[in-house]
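Participant: Requesting a structural model of the entry that follows:
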Amino acid sequence: MADQLTSPATRVATSRPVPLRCLAIVPAYNEEASVGSVIHELRALEPDLEVVVVDDGSSDRTAAIAASAGARVVSLPFNVGIGGAVQTGYQYALEHGFELAIQVDGDGQHDPSEIASVLEPVLDGRADLAVGTRFAKGGGYRGTHVRRVGIRIFAAIVSLMVGQRVSDTTSGFRAVNRKALRLFAAEYPHDYPEVESIVLLSRHGLRMVEVPVQMRVRETGNSSITTLRAAYYMIKVLLALFIGLFRRYPTPQEES
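Facilitator: Numbering: from 1, shown residues only. So this is what the prediction gives:
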């Protein structure tokens, strides 16, 4: 993976290769039991990969453990939700000059050994956003029946809205280039962002591809989507998608 992260995927006007700086964004809320091992795994696979943990107002030792594991930590003063935490990570990446960002959950579900696969279409210039999907051929992840049904409904609707097949709209295992970084730093859905952000990306003419990945079963922390909240989640996201059809999104300013 080290060769990929420093490949000459972008060039300056003089045609000299420019190394790409990549940031791993780890949103975390009360993940003291897993965030340290996530950071150690990331560093073991790619020692030069910079990691920022966005501590979303945790009441446990998430921030302290992340810092002791060697990550940069941005601590939010209170819990703003996964969308706000992820957008904070994108803003951090943009402000600190990163050309690539890879989003990895703090609960250990995302296998760092799959990062190279998720980054590949972005590095190749085939996509502005690459999403690690659990349900494409080779993904191997099943999850609960209720969750699978909800994801399939969202996938069918989003596929129609963006004009391409999407299989896993709720995956948070994602890689973006500088264009998508600018977009998501300026505008990112806050409550349940994964579904809406795919539509947002399409509305701005950016490209998304899915990459089959293996994901682990969640063993620690609290999921933002429980069985009791599944119906509420589906109704809220479907309404947000409908409203989004008529919404005007701000256009990120081009870099000089």
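Participant: Quick one: the strands in the stretch 151-256 of the chain, in order.
Facilitator: Counting by DSSP state E, counting those that start in this stretch, the stretch 151-256 of the chain forms strands over residues 174-176, 208-212, given from the N-terminal end onward.
Participant: Give the rounded mean pLDDT of the first one.
Facilitator: This predicted structure assigns strand 174-176 an average pLDDT of 98.
Participant: ok, now the last one?
Facilitator: When the per-residue pLDDT values of strand 208-212 are averaged, the result is 95.
Participant: On the pLDDT front, check R43 for me.
Facilitator: As predicted, R43 sits at a pLDDT of 91.
Participant: Across the sheet, point out what pairs with V209.
Facilitator: Here V209 sits in beta bridges with A130, as judged by DSSP bridges.
Participant: In stretch 186-199, which residues are buried?
Facilitator: Of the residues in stretch 186-199, those buried under the neighbour-count criterion (16 or more other CB atoms under 10 Å) are 186-189, 192-199. C-beta coordinates here come from the backbone N, C-alpha and C atoms, glycine included.
Participant: I misspoke; the intended subject was stretch 159-172.
Facilitator: Counting neighbours by 16+ other CB under 10 Å, one finds that the buried residues in stretch 159-172 are 161-162, 166-172.
Participant: Go through these and say which is closest to P77.
Facilitator: Looking at these and their distance to P77, the nearest is G172, at 22.7 Å (CB to CB).
Participant: OK, contacts around that closest one?
Facilitator: Under the criterion of CB atoms under 8 Å, 6 or more residues apart in numbering, the contact list for G172 reads 27, 82, 86, 103, 105, 110, 194.
Participant: go with 6 Å
Facilitator: When contacts are counted by CB atoms under 6 Å, 6 or more residues apart in numbering, G172 touches 103, 105, 194.
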